[in-house]
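Engineer: Okay, predicted coordinates and the sequence, questions at the end:
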Amino acid sequence: MKKPVRVTITGAAGQISYSLIFRIASGSMLGPDQPVILQLLEITPALPALNGVVMELNDCAFPLVAGVIATDKLEEAFDKTDYALLVGARPRGPGMERKDLLTANGGIFGPQGKALSDYASRDVKVLVVGNPANTNALIAASAAKSLDPKQFTAMVRLDHNRALSQLASKTGTHSNDIEKMIIWGNHSSTQYPDITNTLVNGKAAKGLVDQNWIETDFIPTVQQRGAAIIKARGASSAASAASAAVDHMRDWALGTNGKWVSMGIPSDGSYGIKPGIVYGYPVTVKDGKYEIVQGLEVDAFSRGKMDATEQELREERAAIEELLK
Ligand SMILES: NC(=O)c1ccc[n+]([C@@H]2O[C@H](COP(=O)([O-])OP(=O)(O)OC[C@H]3O[C@@H](n4cnc5c(N)ncnc54)[C@H](O)[C@@H]3O)[C@@H](O)[C@H]2O)c1
Ligand SMILES: O=C(O)C[C@H](O)C(=O)O
């Protein structure tokens with residue numbers, strides 16, 4: 001057995017965590033031979049509910065769980081942590097855009113970024129799930145003065161998985177048959193699910209579907225999927241969000257073997273997206289480091305969509321600029 005690693009989950013009594021914690025504890029994220037110490041953070045009023053989650057976790061008798069800490073203190077939750085999944089934040093309700101949560105949630109991520117900087121492992125990998133995820137990741141990274149901003153990522157993997165599922169359904173294939181999907185930009189209704197380079201069983205996806213379907217069905221369905229789930233369930237996606245978080249962290253920790261996945265990461269000028277925002281890019285991961293897939297051609301249709309989602313992220317940044325100081 002390997003030495004245990006520490007995994008922090010915030011918002012640990014919430015609905016995403018009710019799926020996420022148990023997936024991580026069972027080994028889905030870091031593998032069947034990697035013990036974990038779970039460091040669960042909640043706000044003080046939610047500690048009794050969190051205690052119930054811990055009781056259930058104990059009742060699972062998971063072989064890989066080497067310890068559980070349940071706390072409302074940042075310094076305990078982030079102490080020496082190797083992987084931090086920042087889920088705790090308010091979800092949106094019907095009729096809201098995710099950026100409407102900036103005021104309510106933005107204030108959570110500065111103190112958490114600072115605590116990560118002060119207490120976490122120097123190699124910590126951070127995934128922000130709480131919405132608006134990209135800009136919250138920017139706030140956390142900016143507050144974490146002693147960590148590299150590249151250690152902070154935002155989740156667009158749920159969008160990536162949704163895009164795979166939509167395309168598989170349209171082409172009568174399985175998502176396993178699909179490679180090179182991309183989600184560019186913001187985890188919001190301006191995101192750009194891009195199948196320009198996508199292959200289905202080795203064939204160009206664009207040759208299998210028509211442009212009208214891409215523009216009037218595929219892209220809006222993926223962009224609006226979160227709202228559709230809220231309408232259907234009366235609550236925002238939870239199990240699928242947890243599953244995407246597991247996928248994101250597993251691929252970052254263990255590598256993608258050359259496979260493309262989408263991650264929200266600090267923009268570095270690639271594809272004309274200037275630094276200063278956290279933007280969804282296609283990446284591959286090797287030895288715990290992600291790299292943007294370079295050299296893709298961008299046509300005028302894609303350029304327009306990539307610029308629009310960049311513009312929205314710049315506006316979100318402007319709205320919380322004082323939190324970045
Ligand atoms: N990026 C994505 O793809 C994606 C997908 C689904 C949901 N989300 C977002 O994830 C967030 C959580 O969703 P949920 O459905 O689990 O919500 P939820 O309301 O069920 O749970 C959130 C939990 O966070 C806790 N919390 C609030 N402030 C906290 C803080 N400062 N520190 C620690 N915990 C805190 C709350 O007490 C609550 O238990 C929401 O913002 C939602 O919009 C993102
Ligand atoms: O849509 C939401 O607000 C929740 C989440 O971000 C989602 O995409 O399901």
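Structural biologist: Thanks, I have it. Predicted model, so just to flag it, every value in this text is computed and none were measured. Ligands and ions are numbered 1, 2, ... in the order given.
Engineer: and the residue in the stretch 51-200 of the chain positioned nearest to ligand 2, helix, strand or coil?
Structural biologist: In the stretch 51-200 of the chain, the residue that lies nearest ligand 2 is R92 (4.3 Å; CB to the nearest ligand atom). For the C-beta atoms, the positions are set from N, CA and C on the backbone; glycine is no exception. Of the three states, R92 takes coil under DSSP: H, G, I helix; E, B strand; the rest coil.
Engineer: What's the local residue count around it?
Structural biologist: As a burial measure, R92 scores 19 neighbours (other CB atoms under 10 Å).
Engineer: now it: how far from S236?
Structural biologist: From R92 across to S236, the span is 7 Å (CB to CB, to the nearest Å).
Engineer: re the thing from before, the residue of the stretch 51-200 of the chain closest to ligand 2 touches K231, doesn't it?
Structural biologist: No. Counting by CB atoms under 8 Å, R92 does not reach K231; the two are 11.8 Å apart.
Engineer: Mind listing the shared neighbours of R92 and S236?
Structural biologist: I230 (CB atoms under 8 Å, 6 or more residues apart in numbering).
Engineer: can you give me the end-to-end distance of stretch 83-93?
Structural biologist: End-to-end distance for stretch 83-93, by CA to CA, to the nearest Å: 29 Å.
Engineer: quick one: average confidence on that stretch?
Structural biologist: What stretch 83-93 shows for mean pLDDT is 94.
Engineer: Quick check: buried residues in that stretch?
Structural biologist: For stretch 83-93, a neighbour-count test (16 or more other CB atoms under 10 Å) marks Y83, A84, L85, L86, V87, G88, A89, P91, R92 as buried.
Engineer: Any idea how far stretch 13-22 is from the middle of the chain?
Structural biologist: 15 Å (CA atoms, centre = their mean, to the nearest Å).
Engineer: What parts of the stretch 1-150 of the chain come near ligand 2?
Structural biologist: Residues of the stretch 1-150 of the chain found near ligand 2 (CB under 6 Å from any ligand atom) are P91, R92, R98, N131.
Engineer: OK, contacts around the second one?
Structural biologist: The reference is to R92. Contacts for R92 (CB under 8 Å, 6+ apart) come out as R98, D100, L101, N131, I230, S236.
Engineer: Would you check which of these are in contact with ligand 1?
Structural biologist: Of the residues in the contacts of R92, proximity to ligand 1 by CB under 6 Å from any ligand atom holds for N131, S236.
Engineer: Any of the contacts of R92 buried? List them.
Structural biologist: Among these, those buried by neighbour count (16+ other CB under 10 Å) are R98, L101, N131, I230, S236.
Engineer: State the mean pLDDT of the helix or strand where A245 lies.
Structural biologist: Assigned by DSSP states H and E, A245 belongs to helix 239-254. Helix 239-254 shows an average pLDDT of 98 in the prediction.
Engineer: Tell me the helix or strand right after it.
Structural biologist: Once the chain leaves helix 239-254, the next helix or strand it forms, by DSSP H and E, is strand 261-266.
Engineer: And the helices in this structure, which stretches?
Structural biologist: Assignment of helices within the chain using DSSP state H yields the ranges 15-25, 47-60, 74-77, 102-119, 133-143, 157-171, 211-213, 219-223, 225-233, 239-254, 300-319.
Engineer: Mind listing residues that contact the fourth one?
Structural biologist: It refers to helix 102-119. For helix 102-119, contacts defined as CB under 8 Å, 6+ apart pick out 10, 74-75, 77-81, 84, 86, 88-90, 124, 126, 128, 130-132, 135-137, 139-147, 152, 316, 319-320, 323.
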